[in-house]
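> Output the structure for:
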Amino acid sequence: MNFKKNKANYAPLTPIDFLERAAIVFPNYTSIITETKKFTWDETFKRCVLFASSLVKKKIKPGQVVSIMAPNTHAMYEAHFAIPMTGAIINTINIRLDPKTISYIIGHSKTKLIFVDTEFLPTIRKALKLGKHKINLIAIKDDKKFSTNIINEKSYENFLNNGKKKIVKRFIIKNEWSPISLSYTSGTTNKPKGVVTHHRGAYLNAISNQLVWNMKKNPTYLWTLPMFHCNGWCFPWTLAALVGKNICLRKVNSKKIFALIKKHNVSHLCGTTVIINLLIEEGVKLKNKIEFMTGAAPPPSMVLKKIEEQGFNITHTYGLTEVYGPATVCEWQNDWAKLKKNKIAELKTHQGVKYPGISQIKIFNKKTKREVKHNGKELGEVFIKGNTVMMGYHEDLISTKKAFNKGWFHTGDIGVTHKNGYIQLKDRSKDIIISGGENISSIEIENILFKIKDIIDAAVVAKKDDKWGEVPCAFITLKKNSTLQKSQIIDFCEKNMAKFKIPKKIIFGKINKTSTGKIQKYLLRKIANQNNASSRNNVK
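Model prediction:
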């Protein structure tokens, strides 16, 4: 058989098509609720068309980058459809970045136009000045108290009103392999990399979110996960496909989260361990079960147990910016229901099995180059391949080639495969502690530390040692007014782990994290290896 694609049997996959369907079939259903505004799917579609046509009027062309710096607002949601509609590429800028890093991103991405929430206008202006960039800014007025930051920028609403209400020619994506998004990874020791993803992958991951989370039609989704991170794990597009309600939250606040859950009867939300810990500290127990998808830094079993006791059903995923957000999910097995809560929590810490859009995920021993045994012990690096793997790094062929060596995406994450085929991360390759020839997983030590009642946060890194090469150093955050001593922590560790794994140094203090909930361990390693590192610090 030798059939060819034609206009009747083939159309490029793109998640922006979900929006038009939602508007046609369910025009009067609520699409977005912000702290001050409310929209229907018909209104959202029309606004996105105005947005897109106004971009075309501004001579924005397919393949060019348009950036947006905003919290979770209606404008941020609209940008995920309107910018790709034109064939342009959306670049969401992390609102917590410094002007120097933003300036680099603006220059490296060759951004043509920037939409910015009025709260962040001063930051963007500094970034433009640093890089001597001459780019027009469009100001998004979402919170009135930041309106004084506007100087002479055109407003977002006025920009939309410049567009055409009725479009003769429908926006059509000609190639599903064309870029939809440019997302920059968190810069650690190097400059951030620009991850380029395409329409096909975004479509598939948006659908995969629904499948693995068993999401029903018309969910009510609370935006506690930043849309600027990995395009909100593709959930802006998933919510359009399911005709759900987007409850937008400008700033994460535990009291506000519980209030919005009650007010809007929220069914789903996503977040990192940072959000989970905030909800645990608030201590509110829910009347109805709510679905919570978590990712980024692996949550310890004790943390999962506590949050589930409050009424949240946790779905644990794992992924990276390079794979559109989630790439694996810890799928629930019916026979787990017979197990004790502690064992269930332990099993849920596993990163699990491949997402539907992923073809293969395997762990390879770095020395033997062979897949590790499925025994939960042999360590290796996680390799991924499939339709939801990035196109490559923007203007960085060397890093792209290295990441795709031998036909696999190399994640840099170290883990094991269990008998049931579920993978479990043990560390980043650079975070493994090698002490006297023994490989020590920092995550394993952290999980044990979290079993101590007064510890609310912990991070373990390698500290240089003359005798052993490296030894574990633990950074610990205690509950308010806790009297827990180092000696008590060491005593607990001696009873629960091998002697060589016990932290040789403990530093108390708050552990700051990135916007995605990740601990920048390279900074902690610097502190751990300072001769004058005090026992109580505010650590980053």
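> Return the helix or strand in this protein with minimum mean pLDDT.
Sorting the helices and strands of the chain by mean pLDDT, DSSP states H and E puts strand 438-440 at the bottom, at a mean of 79.
> what lines up beside that strand in the sheet?
strand 433-435 (antiparallel) (DSSP bridges).
> What lies in contact with the strand it pairs with?
439-442, 460-462, 465, 468-472, 500 (Cβ atoms under 8 Å, 6 or more residues apart in numbering). C-beta: built from backbone N, CA, C; applies to glycine.
> what are the ranges of the helices in the stretch 201-350 of the chain?
Ranges of helices in the stretch 201-350 of the chain, per DSSP state H, counting those that start in this stretch, are 230-233, 235-241, 254-264, 273-282, 301-309, 341-347.
> on that earlier part again, can you pick the most crowded of the contacts of strand 433-435?
Within these, Val460 tops the neighbour count with 30 neighbours, counted by other Cβ atoms under 10 Å.
> next one: phi and psi at it?
Here is the backbone geometry of Val460 (degrees, to the nearest 10): phi -120, psi 130.
> Can you tell me the element the spatially closest residue to Lys100 that is not a sequence neighbour falls in?
Distances taken as Cβ to Cβ, 6 or more residues apart in numbering place Leu130 nearest to Lys100, at 6.1 Å, with adjacent residues excluded. Taking DSSP states H and E as the definition, one finds Leu130 inside helix 121-131.
> Check which helices and strands that helix is in contact with.
With contacts taken as 3 or more Cβ pairs under 8 Å, 6 or more residues apart in numbering; DSSP states H and E, helix 121-131 sits against helix 99-109, strand 137-140.
> That one relative to helix 99-109, how many degrees between them?
Relative orientation of helix 121-131 and helix 99-109, computed by axes from the mean of the first three to the mean of the last three Cα atoms, to 10 degrees: 60 degrees.
> what comes up buried for helix 121-131?
Of the residues in helix 121-131, Leu121, Thr123, Ile124, Arg125, Ala127, Leu128, Leu130, Gly131 count as buried by neighbour count, 16 or more other Cβ atoms under 10 Å.
> How about the third one: what's its closest non-neighbour residue?
Ranked by Cβ to Cβ, 6+ apart and with sequence neighbours excluded, the top spatial neighbour of Ile124 is Val116, at 4.9 Å.
> what angle do the helix or strand containing the one you found and helix 99-109 make?
Using DSSP H and E, Val116 sits in strand 111-117. On the basis of the same axes, to 10 degrees, strand 111-117 is oriented at 140 degrees to helix 99-109.
> which residues sit against strand 111-117?
Strand 111-117 is contacted from outside by 55, 58, 60, 64-71, 73, 75, 79, 88, 91, 95, 105-106, 124, 133, 135-140, 142-143, 146, 153, 156, using Cβ under 8 Å, 6+ apart.
> Can you show me the CA trace of that strand as CSV?
Extracted in CSV, the C-alpha atoms of strand 111-117 (Å, rounded to 0.1, in the frame of the first residue of the first chain):
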residue,chain,number,x,y,z
THR,A,111,13.0,38.5,21.2
LYS,A,112,11.0,40.8,19.0
LEU,A,113,8.3,42.0,21.5
ILE,A,114,7.8,41.6,25.2
PHE,A,115,4.6,41.5,27.2
VAL,A,116,5.2,42.3,30.8
ASP,A,117,3.0,42.4,33.9
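> partners of that strand in the sheet?
Strand 111-117 is paired, per DSSP bridges, with strand 65-69 (parallel), strand 137-140 (parallel).
> helices and strands around the helix or strand just after the last one, which ones?
Think strand 137-140. Using DSSP H and E, the helix or strand that follows strand 137-140 in sequence is strand 154-155. Packing partners of strand 154-155 (3+ Cβ pairs under 8 Å, 6+ apart): strand 137-140.
> I'd like the average pLDDT over the strand it packs on.
Mean pLDDT, strand 137-140: 98.
> Give me the buried positions along it.
Leu137, Ile138, Ala139, Ile140.
> Please list the residues outside it that contact it.
Counting by Cβ under 8 Å, 6+ apart, 70, 73, 75, 113-118, 121, 124-125, 128, 149-150, 153-156, 159 sit against strand 137-140.
> Mind checking which of those residues are buried?
70, 73, 75, 113-118, 121, 124-125, 128, 149, 153, 156, 159.
> Just name whatever secondary elements the helix or strand that comes right after the least confident helix or strand of the chain is in contact with.
Sequence-wise, the next helix or strand downstream of strand 438-440 (DSSP H and E) is helix 442-449. If you count contacts as 3+ Cβ pairs under 8 Å, 6+ apart, helix 442-449 packs onto strand 423-428, strand 455-465, strand 469-478, helix 486-496.
> Would you indicate which residues of stretch 239-249 are buried?
For stretch 239-249, using 16+ other Cβ under 10 Å, the buried residues are Leu239, Ala240, Ala241, Leu242, Val243, Gly244, Lys245, Asn246, Ile247, Cys248, Leu249.
> same question, stretch 99-116
Buried, per 16+ other Cβ under 10 Å, within stretch 99-116: 99, 101-109, 111-116.
> for the residues you listed, which one is nearest Gln488?
Thr101 (40.3 Å; Cβ to Cβ).
> Please verify my assumption that that closest one contacts Gly131.
No - between Thr101 and Gly131 there is no contact under Cβ atoms under 8 Å: 10.9 Å.
> contacting residues for Asn94?
If a contact means Cβ under 8 Å, 6+ apart, then Asn94 has Tyr184, Pro226, Phe228, His229, Ser515 as its contacts.
> and if you look at Pro84?
So Pro84 contacts Thr14, Pro15, Ile16, Ile90, Ile173, Ile180, Ser181, His199 (Cβ under 8 Å, 6+ apart).
> which SS state does it fall under?
Of the three states, Pro84 takes helix under DSSP: H, G, I helix; E, B strand; the rest coil.
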